[in-house]
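J.: How does the following fold in three dimensions:
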Amino acid sequence: MTATAHFPLTWLYAPGDRPHVVGKALASGADVVVIDLEDAVDPHRKAYARAATAELLSEPPPVPVHVRVNAVDGPLADADLDAVASRPGLAGLRLPKVTSARQVVRVARRTERAGAAGRSAASRGSGPPLYALLESALAIEHAYAIARAHPSLRGVSLGEADLRADLGVRQDGGLDWCRARIVVAARAAGLAPPAQSVHPDIRDLEGLAASCAHGRALGFLGRAAIHPRQLPIIERAYLPTDRELEEAETIVKAATVDQGAQALADGRFVDAAVVAAARRTLALARRC
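T.: Numbering: from 1, shown residues only. I've put the predicted structure just below:
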């Protein structure tokens, strides 16, 4: 698996209070490592996790590293932001429990001031990229407003465990409307397609593959993981198949001959939207 800035497909979480686990995550082949200061860290180890993460990010790591801070409106978030936002090794901040655009704007303004000190002259004046996690019914209702809240916001995704509890959903299909809602909100705001939430059973690789296929059909791109063994399953599910690549190459080749709408020899209708989708498929296969 090769890391890429343009089409990350795997986002591996690692607890911030366990540096040896973070080290293994950095060597796992994940496209992005997410150091968690929130749910994966016991309350009495929060300060240690924050300090260890800040130290790790004092230099750029071998792969992009995001940090999931504590709940944006909670008592620990500001200390987390102040500790890591200016670190040169930080590639992004993941903001849990977001329910409004106002919260995103507040974090963006705070990190703009802190982040400028640790970044290159070319990027000063802007803070680190932000990624909002929507984990409640209220957040889903405000999805589009959150997605377009600030230029520093680069992505939105679901926190399905909390969302499931908030909604009282018992079956997985009960979240599909929320999943579709966030895909639409991201697209409407000009953001990248969201990555799927984690599959919590690290032994259920068959279920993970099926869930990824479903997520891909809904418009997601890539997925968060909680164990390295999940990474190849996610990547395989989201990379184009040989057949999809062959079809995309046929469509793009036909488009170079005639830019107008046309029917291919096999009866498929091709127009500008179909060609654009085919080009995205080829770009994803190249991971560039």
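J.: what separates residue 190 from residue 40, distance-wise?
T.: Look at residue 190 and residue 40: by Cβ to Cβ, to the nearest Å, they are 31 Å apart. (Each C-beta comes from the backbone N, C-alpha and C, glycine too.)
J.: Ok, residue 22 next?
T.: To residue 40, residue 22 is 11 Å away according to Cβ to Cβ.
J.: shared neighbours of those two, anything?
T.: Residues touching both residue 22 and residue 40 comprise 14-16, with contact defined as Cβ atoms under 8 Å, 6 or more residues apart in numbering.
J.: Tell me which of those residues fall in strands.
T.: Among these, DSSP state E puts 14-15 in strands.
J.: can you count the residues close to the residue nearest to residue 8 when sequence neighbours are not counted?
T.: Using Cβ to Cβ, 6 or more residues apart in numbering and skipping the chain neighbours, the partner closest in space to residue 8 is residue 31 (3.7 Å). Residue 31: 24 surrounding residues under other Cβ atoms under 10 Å.
J.: Now do the phi/psi pair for residue 31.
T.: phi -70, psi -40 (degrees, to the nearest 10).
J.: correct me, but it touches residue 65?
T.: No - at 11.2 Å, residue 31 does not count as touching residue 65 under the criterion of Cβ atoms under 8 Å.
J.: quick one, strands of the chain?
T.: Under the criterion DSSP E, the chain contains strands at 10-15, 32-36, 65-68, 90-98, 130-134, 153-158, 223-225, 262-263, 269-270.
J.: possible to save those as JSON lines with mean neighbour count, distance to residue 110 and mean pLDDT?
T.: Formatted as JSON lines, the strands of the chain follow (neighbours: other Cβ atoms under 10 Å; distance: least, Cβ to Cβ, whole Å; pLDDT from 0 to 100):
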{"stretch": "strand 10-15", "mean neighbour count": "24", "distance to residue 110": "24", "mean pLDDT": "98"}
{"stretch": "strand 32-36", "mean neighbour count": "26", "distance to residue 110": "19", "mean pLDDT": "98"}
{"stretch": "strand 65-68", "mean neighbour count": "26", "distance to residue 110": "14", "mean pLDDT": "98"}
{"stretch": "strand 90-98", "mean neighbour count": "24", "distance to residue 110": "10", "mean pLDDT": "98"}
{"stretch": "strand 130-134", "mean neighbour count": "27", "distance to residue 110": "11", "mean pLDDT": "98"}
{"stretch": "strand 153-158", "mean neighbour count": "23", "distance to residue 110": "14", "mean pLDDT": "98"}
{"stretch": "strand 223-225", "mean neighbour count": "26", "distance to residue 110": "25", "mean pLDDT": "98"}
{"stretch": "strand 262-263", "mean neighbour count": "12", "distance to residue 110": "53", "mean pLDDT": "63"}
{"stretch": "strand 269-270", "mean neighbour count": "14", "distance to residue 110": "48", "mean pLDDT": "70"}
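J.: Is it possible to get TSV of those strands that adds distance to residue 143?
T.: Converted to TSV, the strands of the chain look like this (distance: least, Cβ to Cβ, whole Å):
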stretch	distance to residue 143
strand 10-15	19
strand 32-36	21
strand 65-68	19
strand 90-98	10
strand 130-134	6
strand 153-158	7
strand 223-225	18
strand 262-263	37
strand 269-270	32
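J.: Of those strands, which is nearest residue 233?
T.: Proximity to residue 233 (Cβ to Cβ) singles out strand 223-225 among the strands of the chain, at 8.7 Å.
J.: hmm, back to that, so which of the strands of the chain is nearest residue 247?
T.: Minimum separation from residue 247 across the strands of the chain (Cβ to Cβ) falls at strand 269-270, 10.5 Å.
J.: How about the contacts made by the spatially closest residue to residue 235 that is not a sequence neighbour?
T.: Leaving out its chain neighbours, the residue that sits closest to residue 235 by Cβ to Cβ, 6+ apart is residue 9, at 5.2 Å. Taking Cβ under 8 Å, 6+ apart, we find residue 9 in contact with 31, 195, 221-223, 234-235, 238-239.
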